[in-house]
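Asker: Generate a structure from the sequence data that follows.
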Amino acid sequence: MSPSNFNEDLRASILDWLWRGWSSLGVAGAGSANARTDHVIDVEVLLLATTVWGRRDPRLFDEALDWLCLHGSLVHMQRLKNLHKQSGLGDAPVLGAMADVAQQQSSQVKWKALAAPTRPKGTLEALFVGGSGLTRVNDPVFARHGFQRGRLELRQMSLAPSPAIAANLWLKLRCLFGTSTRAEIMLHLLTSGPMTAARMARLSGFTQRSVLLPLREMALSGHVIEPPSPPRERVFPGKTPAKRHRGPSLAYSVRAEEWSFLRTWNDPADFPKHVPVTALLAACQSLDGVTEEGDQETLAIRCREAVKKHRVQLHQQGWSDELGLQQRMTGTQWLDHIAEKLPLLFQSL
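Answerer: Predicted coordinates:
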């Protein structure tokens, strides 16, 4: 495996995935294909990934920032911060600079918590890889966050997410229910079927308690089905009580036909699926910095260590088998496997 080829193919696949996602949400991206209609778009993950790989595509970065300034009210700030903290995905100083721009351009107070500069004052770092976008006049907002780039000029051509595109279901639900935990709950129940509060919290990036309380309230409406509590067995002296299981029988659910009015699209025939990619992107971010130089054996060790940090989340989100984490391979065999597999995964998303 050539490290440069691996990096080039993987970055190109991720950038293509980012373009497709943002274009489906309404970003002005001429010539960009839309995301898969049967996969729901996660705007928080899209934004965090853009802070990393968007630095290699100035046009993508600025168009995503343009959308953020116009429609950033649909971003769930607490979830954004939770995902960044839990997975490590995203570049915090770049996210802070984008939040600062969004706060000034849109006057949305909620961005203030992220807009404070986190880097010490000193020499400015080029925002875009390769020095693209550098001019004699630096943008003052990005300079305050330690980055050098030309003055930002947003085109304000981004559209609101179309409710007729199935992939935009997540933001469609936020428009209905507000940017709240309730919208996240409905998203998972509609796209993944019956689900326990614990798994829902893990996928959403919230605590179990913050999900369980609104879930129980929503169940009072009769439109969210609460699982029956397991019967309590009377325990007599000298008898061991039966073990109480908290499995599929305690999963919350909805009747999909009651929510068919949300399907304002022709493709797919049902609701799109939610495919979590936070751990996959976080692993790619860790890999991005270790595959620049070295022989095959050294690269294999570095890559295994980089991916190992995300092993638990990769397993929870169902990527272990795809990445060969459970297979017995030598270091170089595994390296060749992920070098081929990762770009293909993002092309399929």
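
Asker: for this protein, which spans come out with low pLDDT?
Answerer: Flagging of the chain using pLDDT under 70 yields the residue ranges 1-4, 30-32, 132-134, 230-233, 235, 241-249, 291-294.

Asker: Leaving aside the residues adjacent along the chain, what's closest to the spatially most central residue of it?
Answerer: When the chain is reduced to its mean C-alpha position, the nearest residue by C-alpha atoms, centre = their mean turns out to be residue 45, at 2.0 Å. Leaving aside its sequence neighbours, residue 45 sits nearest to residue 278 (C-beta to C-beta, 6 or more residues apart in numbering; 5.5 Å). Every residue, glycine included, has its C-beta placed from N, CA and C.

Asker: before we move on, what about residue 290?
Answerer: residue 302 is the one closest to residue 290 (C-beta to C-beta, 6+ apart), at 4.1 Å.

Asker: Spit out the contact partners of residue 76.
Answerer: Residues counted as contacts of residue 76 (C-beta atoms under 8 Å, 6 or more residues apart in numbering) are 44, 174, 179-180, 184.

Asker: Kindly recompute the last result at 7 Å.
Answerer: Listed by C-beta atoms under 7 Å, 6 or more residues apart in numbering, the contact set of residue 76 reads 44, 179.

Asker: ok, and the closest non-adjacent residue to residue 175?
Answerer: Nearest residue to residue 175, sequence neighbours excluded (C-beta to C-beta, 6+ apart): residue 74, at 7.2 Å.

Asker: The one you found touches residue 177, doesn't it?
Answerer: No. Under the criterion of C-beta atoms under 7 Å, residue 74 makes no contact with residue 177, lying 11.6 Å away.

Asker: Report the buried residues of the lengthiest helix in the chain.
Answerer: When every helix of the chain is counted residue by residue (DSSP state H), the longest turns out to be helix 3-25. Within helix 3-25, the residues scored as buried using 16 or more other C-beta atoms under 10 Å are 3, 6, 9-11, 13-25.

Asker: which residues touch stretch 46-65?
Answerer: The set of residues that contact stretch 46-65 without belonging to it, under C-beta under 7 Å, 6+ apart, is 11, 14-15, 18-19, 21-22, 27-29, 75, 80, 83-84, 89-91, 94-95, 98, 101, 127-129, 132-133, 154, 158, 281, 285.
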